[in-house]
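Peer 1: sequence unknown, structure follows:
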C-alpha cells in the first residue's frame, strides 16, 4: 500500500471516524482505524460494533492495499505534523511508514482480515431525505432521551417515517420532546425505528445540511450514506412506549414568556435549589411569574419574569435541569406553557412559526411535588 495525501485531508478524515472507536475494548483490533487505499481514494473506517463510520477522502494512490492502525497514536501523529503532503507506505509485515517533510514515523498495525465487517444493509428501496431535515429533528428531540440503564428502550430516539412526514420522539419518563416535519422526497415504506442518540450525533457531526442521505435497513441495523460517508448503527429492539397517552389533550391554563428571560431566571435561582431534586418553584399570578428556590442549607432565591398568564393563581415545581434543557432546544423567542394542575404534565411549545409553517414541535415536562403541597 502506497499513497500520498495532504495533512489537512487526512486529519479531517481521522476526526470523522475516531469518535466511533471505543476508548476501551477487549478486542484489540477495535482500537484501530481501518485504512484502505483504493482507486477512489483513501477510505477510513472505525467501529465499536454498535456504531460504524466510514468516510472516503481524496488521495493519490500508487498502490492499493489495506491495514488497521492504532487510532489514538495515528491521530496524535497527524495532529502534530506540519501542513503539507504525507507519504504513507506499508510492507507485508503490517508495518507502516509515515513521512512528512523531515519527520518520519513507523506504526505497527493489524491485518485487515481481523477487522469486523460492516452490517449488510440494503439501500435499494430505502428512504431518502436531506441531512438538514434529519439534523433538525435530532437537534430538537434527541436531548430528551434517557441516559439511565434501567429502561434501555428509553435510551433510544423513536423515529417514525411516513409517506409525507417524519417524526422523532424522545423521553426519559420525566420529560418528552416530539417533532414532526414534512418530507419532500417521500419514503418507500412506512417504518417505526428506535435509534441510539450516539448514531444521531454522528449524523449531526458528519453530514452537511444540503447532503442527500440514503437510508437503508436490515433486520437489526440502520445505515445512512452520502456520497463520501457511511454511518451504520444497531437498532434498539422492543416496542416504544405509547407516548401519545401521556401528552395531555386539555390544559386550559397558559403561560407565555420570553424564553431567554425565563432561562436566565431558572439558571440564577437553581443555585439555591436542592442538589438532589434541582427543584424550582413557579408562582403564577396575573402577568408576572416568580421563579424561586429554597433550601435549609443555603437559604432562598427568587427572580421575577414578565409573563402573560391566563388561569387561576398556581404554584408548580420543576426540575431546573430538565426545564433548561427543554428551553434551550426550542428555537423561537417566546414559549407557551399549557398547564392544568400543579401535579399534571405541562406542555411547552414554541410561539410563532418554526422554519416552515407546517413543522410541529411539542415538549412535555413533568412537575415535581412542592414540599408544602397538600
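Peer 2: It's in. Computed from a prediction, not measured in an experiment: that's the story for all the values here.
Peer 1: which regions of this structure lie under the pLDDT threshold?
Peer 2: 185-188, 353, 355-357, 373-374 (pLDDT under 70).
Peer 1: need the contact list for the residue of it positioned farthest from its centre.
Peer 2: Of all residues in the chain, residue 102 has its C-alpha farthest from the mean position, at 41.0 Å, by Cα atoms, centre = their mean. Not one residue lies near residue 102 by Cβ atoms under 8 Å, 6 or more residues apart in numbering. For the C-beta atoms, the positions are set from N, CA and C on the backbone; glycine is no exception.
Peer 1: just residue 235 next, same as before
Peer 2: Residue 235 touches 193-195, 220-222, counting by Cβ under 8 Å, 6+ apart.
Peer 1: any idea how far it is from residue 134?
Peer 2: For residue 235, the distance to residue 134 equals 16 Å [Cβ to Cβ, to the nearest Å].
Peer 1: whichever strand or helix holds residue 265: what's the following helix or strand?
Peer 2: Element membership for residue 265, per DSSP states H and E: helix 259-269. Heading C-terminal from helix 259-269, the first helix or strand you meet, by DSSP H and E, is strand 279-285.
Peer 1: in its sheet, what does that next one sit against?
Peer 2: strand 288-295 (antiparallel), strand 314-319 (antiparallel) (DSSP bridges).
Peer 1: quick one: contacts of it?
Peer 2: The contact list for strand 279-285 (Cβ under 8 Å, 6+ apart) reads 253, 255, 266, 269-270, 273, 289-294, 307, 309, 311, 313-320, 323, 368, 370.
Peer 1: PyMOL command to pick out the buried ones of those?
Peer 2: This is how PyMOL selects the buried members of the contacts of strand 279-285, with burial counted by 16 or more other Cβ atoms under 10 Å:
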select buried, resi 253+255+266+269+270+273+289+290+291+292+293+294+307+309+314+316+317+318+319+320+323+368
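Peer 1: show me what the helix holding residue 265 is packed up against.
Peer 2: Packing partners of helix 259-269 (3 or more Cβ pairs under 8 Å, 6 or more residues apart in numbering; DSSP states H and E): strand 288-295, strand 299-310, helix 320-328, strand 334-339.
Peer 1: change it to 7 Å
Peer 2: Counting contacts by 3 or more Cβ pairs under 7 Å, 6 or more residues apart in numbering; DSSP states H and E, helix 259-269 packs against strand 288-295, strand 299-310, helix 320-328.
Peer 1: so how far is the shortest one off the chain centroid?
Peer 2: Per Cα atoms, centre = their mean, to the nearest Å, the displacement of strand 288-295 from the mean C-alpha position of its chain is 32 Å.
Peer 1: for the helix or strand hosting residue 106, buried residues please.
Peer 2: Taking DSSP H and E as the definition, one finds residue 106 inside strand 103-108. Going by neighbour count (16+ other Cβ under 10 Å), the buried part of strand 103-108 is 105, 107.
Peer 1: what comes into contact with it?
Peer 2: For strand 103-108, the surrounding residues in contact (Cβ atoms under 7 Å, 6 or more residues apart in numbering) are 69-70, 73-74, 77, 81, 94-98.
Peer 1: quick one: the helix holding residue 265 to helix 320-328, angle?
Peer 2: Put simply, helix 259-269 runs at 160 degrees to helix 320-328, going by axes from the mean of the first three to the mean of the last three Cα atoms, to 10 degrees.
Peer 1: mind checking how far helix 259-269 is from the chain centre?
Peer 2: What separates the centre of helix 259-269 from the centre of its chain is 24 Å, taken as Cα atoms, centre = their mean.
Peer 1: strand 299-310 and that helix, what's the angle between them?
Peer 2: With the same axes, to 10 degrees defining the directions, helix 259-269 sits at 160 degrees from strand 299-310.
Peer 1: make CSV out of the helices and strands packed on helix 259-269 and add distance to residue 249.
Peer 2: Listed next are these as CSV, based on distance: least, Cβ to Cβ, whole Å:
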stretch, distance to residue 249
strand 288-295, 24
strand 299-310, 18
helix 320-328, 20
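Peer 1: sorry, back to before: the strand holding residue 106 pairs with which strands, parallel or anti?
Peer 2: strand 95-100 (antiparallel).
Peer 1: list the buried residues of the partner strand.
Peer 2: For strand 95-100, a neighbour-count test (16+ other Cβ under 10 Å) marks 96, 98-100 as buried.
Peer 1: need the max-distance pair from the residues you listed.
Peer 2: Farthest pair in these (Cβ to Cβ) is 96 and 100. Separation: 13.2 Å.
Peer 1: and for the closest residue to residue 315 other than its chain neighbours, the neighbour number?
Peer 2: Distances taken as Cβ to Cβ, 6 or more residues apart in numbering place residue 283 nearest to residue 315, at 5.2 Å, with adjacent residues excluded. Other residues within reach of residue 283, judged by other Cβ atoms under 10 Å, total 15.
Peer 1: over to residue 48?
Peer 2: 19.
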